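Colleague: next comes the sequence, and after it the predicted model I'd like to discuss.
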Amino acid sequence: MHTADETRRRFLANLTGVGLGSTLLPGVLWGQMQQDGAQHVTPEMLHGAIVVAGLSFFSDEDEKALLRSVNQSLGRYDDLRKLHIPINVAPPFYFSSIVPGMKIDRARMPFRASTPAVKRPANLEDVASWPIVQMAQLIKTRQVTSLELTQMYLARLHKYNVKLNCVVTYLDDVAIAQAKQADAEIAAGHYKGPLHGIPWGAKDIIAVKGYRTTWGSGAFKDQVLEEEASVVELLRNAGAVLLAKLASGELAGGDQWWGGQTRNPWNNQEGSYGSSAGPGSATGGCLVPFGIGTETGGSILHPSSRCGVTGLRPTFGRVSRYGVMTASWTQDRVGPLCRYAEDCALVMSVIARPDDRDMSVSDIPFNWDAHYDIKTIRVGYLKESFDETKDPVTKRNNEKTLEQVQAMGFKLTPVTVPDWNLDGSGMGVESGAFMDEFLRSGRDKLLTNPSRGAGMRSARLVPAVEYLQSQRARAMMMAKLAEATAEVDVYIAPADRSVTGADPDKPGAPTGGEGGATRGPQGPTIRHFNMANLACYPALAMPNGFSDSGTPGSIIFYGRPFNETQILALGKAYQDATGFHLKHPNLDSQPSLQPATVS
């Protein structure tokens, strides 16, 4: 049953759709309907409202046409709302990050990963902080079994979750069974590749069949979905071992979920900053070798920056989102949070492929060669953004990053951020559409933060024409950014938090999360962050030094669409030269929190 407020909003939206939203007519006519207790508009109601509204220019024929339009639209809307639309049904039009004239490398190349020489340590838990490329060699050479690794990581998850609050659901039985299967396959000579036998964790907006997928919200705390996310299937087929569902901010926003706040492993008195909070915290705390997160407007890059993690936000259209909660059909991306750039490449080699379910996924191949000739990469930097960084420690780390890249033999080309302050995000409208049935059910009162329902309802106030016009403006912005970055392959930018000082743990601050551009004048760092996000450019966040208190700083390598290979190759070279990714926090020195409810 529709509430009076909801019916009024639909009615007013219909009058707006026929060009009368700026007149008195909608309000007057609605009042007349309420007074008469009517479900449809009568000729007498319409005529009386037209007179009161002062629209004397309407002819008899105009009134008849308007009457038909209003009542037909109300009927069509009611019919549409009676239809149950499954959560995995997307609109049949698909966003592309490629703009006219952009050149994309479509050649498929052989996959070549590193093969470091490794030796099993006396204490297996020392492996917990190793990159996947090293762990994979331990398993491939049968120095360690997948079961041993899995049991070690499960023990760490159970021991340290009380300090990080990063686990929603433990999947011990699933993990043990998958690890035993991986060991049997490897023993039989059927080694599947570098992820075979490697444990991992999934953000809790990613569906695992038969287990809770709570979307971080009290309203969905007991939700069990019957489908399985494509990314879960692909990783399972590659032999990876799923340990747990890891915390997501409520409905993929911020680091607060129904179980509390997920914490930063380097300082658990602060949050992990962004809705891929669980994967960021668990990976940064060495509780999983890698996590799979999602990003709409910062939720891979932000927790990676806060938690000292190497996180890749892929190009839109790289990885299937089937079985993943929708925040925006034109902005959502799925990607890995790891400890090393090449680890991200190993994960991408498995998950970056079409699945015939998410029709936005391209067939452009993801290539990886650990011996890629990085000297061929044209490298730039956002000079204005580095100049505007104020914090002295962050500025020092950022300048050292540029010096290190130059010492590696690169001449840095300045990249100027185009002027653009219009908000081209479709997230508000798209998330409102995705959550429409939920909102109409009145269950938004069960949200962990009930005020979020009001934000979703505001989507009803955006006219369809304005939504489409904003997307046309978005296309114009994308062309501007493509032109500005045409002379480089990879370019370096400060993490946006280093410039704004924004901290979602402070009252009144942003929630680390999702969306589009901020209205009003913006500095070059935030302006670029919003533009690159809405243009769906790939980006790699990784540690680039530490503060005086020992918490990690972060730098971001950006590239043009479908250029992850060069971003990761340069990121790997930078990490090999600096070693910041090899440091890890001491969780034993962190205080325990009030435990959350997990199962």
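Modeller: Thanks, I have it. Residues are numbered from 1 along each chain as shown.
Colleague: hey, let's count contacts and neighbours off CA atoms from now on
Modeller: Fine.
Colleague: which residues does Asn544 contact?
Modeller: Asn397, Asn398, Thr401, Pro552, Gly553, Ser554, Ile555, Phe580 (Cα atoms under 8 Å, 6 or more residues apart in numbering).
Colleague: so which strand or helix has the second one?
Modeller: This points to Asn398. In this assignment (DSSP states H and E), Asn398 forms part of helix 392-407.
Colleague: what is that helix packed up against?
Modeller: Applying 3 or more Cα pairs under 8 Å, 6 or more residues apart in numbering; DSSP states H and E, one finds that helix 392-407 contacts helix 383-388, strand 539-546, strand 552-559.
Colleague: quick one: which of those is nearest Arg333?
Modeller: Among those, the nearest to Arg333 by Cα to Cα is strand 539-546 (11.5 Å).
Colleague: what's the angle from that closest one to helix 392-407?
Modeller: Relative orientation of strand 539-546 versus helix 392-407 (axes from the mean of the first three to the mean of the last three Cα atoms, to 10 degrees): 110 degrees.
Colleague: rewinding a little: which one of the contacts of Asn544 has the most neighbours?
Modeller: Ser554 (29 neighbours; other Cα atoms under 10 Å).
Colleague: since we're on the residue nearest to it when sequence neighbours are not counted, how many residues are nearby?
Modeller: Of all residues not flanking Ser554 in the chain, Pro543 sits nearest, at 4.3 Å (Cα to Cα, 6 or more residues apart in numbering). Using other Cα under 10 Å, Pro543 has 29 other residues around it.
Colleague: and Pro543, what is it in contact with?
Modeller: Contacts of Pro543 (Cα under 8 Å, 6+ apart): Ser305, Gly308, Val309, Thr310, Pro552, Gly553, Ser554, Ile555, Phe580, His581.
Colleague: if we can go back for a sec, and the helices and strands packed on helix 392-407 as JSON lines, adding mean pLDDT and distance to Ala352?
Modeller: As requested, those are exported to JSON lines (pLDDT from 0 to 100; distance: least, Cα to Cα, whole Å):
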{"stretch": "helix 383-388", "mean pLDDT": "95", "distance to Ala352": "31"}
{"stretch": "strand 539-546", "mean pLDDT": "97", "distance to Ala352": "15"}
{"stretch": "strand 552-559", "mean pLDDT": "98", "distance to Ala352": "17"}
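Colleague: would you turn the ones you listed into TSV with distance to Trp257?
Modeller: Output for these, formatted as TSV (distance: least, Cα to Cα, whole Å):
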stretch	distance to Trp257
helix 383-388	32
strand 539-546	24
strand 552-559	24
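Colleague: list just the one of those that sits closest to Val231.
Modeller: strand 539-546 (19.6 Å).
Colleague: partner strands of the closest one, with direction?
Modeller: strand 310-313 (antiparallel), strand 552-559 (antiparallel) (DSSP bridges).
Colleague: so which of the ones you listed gets nearest Asp79?
Modeller: strand 310-313 (39.1 Å).
Colleague: after that closest one comes which helix or strand?
Modeller: Counting by DSSP H and E, what follows strand 310-313 is strand 333-338.
Colleague: buried stuff in that following strand?
Modeller: Arg333, Val334, Gly335, Pro336, Leu337, Cys338 (16 or more other Cα atoms under 10 Å).
Colleague: CA atoms of stretch 81-90 as PDB?
Modeller: Provided in PDB are the C-alpha atoms of stretch 81-90 (Å, rounded to 0.1, in the frame of the first residue of the first chain):
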ATOM      1  CA  ARG A  81       5.300  -1.000  -9.000                       C
ATOM      2  CA  LYS A  82       3.300  -4.200  -8.800                       C
ATOM      3  CA  LEU A  83       6.200  -5.900 -10.800                       C
ATOM      4  CA  HIS A  84       8.900  -7.500  -8.700                       C
ATOM      5  CA  ILE A  85      12.300  -6.800 -10.300                       C
ATOM      6  CA  PRO A  86      15.100  -9.100  -9.100                       C
ATOM      7  CA  ILE A  87      18.100  -7.400  -7.700                       C
ATOM      8  CA  ASN A  88      20.400  -8.700 -10.500                       C
ATOM      9  CA  VAL A  89      18.400  -7.100 -13.300                       C
ATOM     10  CA  ALA A  90      20.100  -4.000 -14.600                       C
END
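Colleague: going forward can the numbers begin at 48, since that is how I track them
Modeller: That works, and once the first residue is 48, the last one we named lands at stretch 128-137.
Colleague: how far does that stretch sit from its chain's centre?
Modeller: Offset of stretch 128-137 from its chain centre (Cα atoms, centre = their mean, to the nearest Å): 22 Å.
Colleague: show residues contacting that stretch.
Modeller: Against stretch 128-137 from outside (Cα under 8 Å, 6+ apart): Tyr369, Gly370, Met372, Trp376, Phe481, Glu484.
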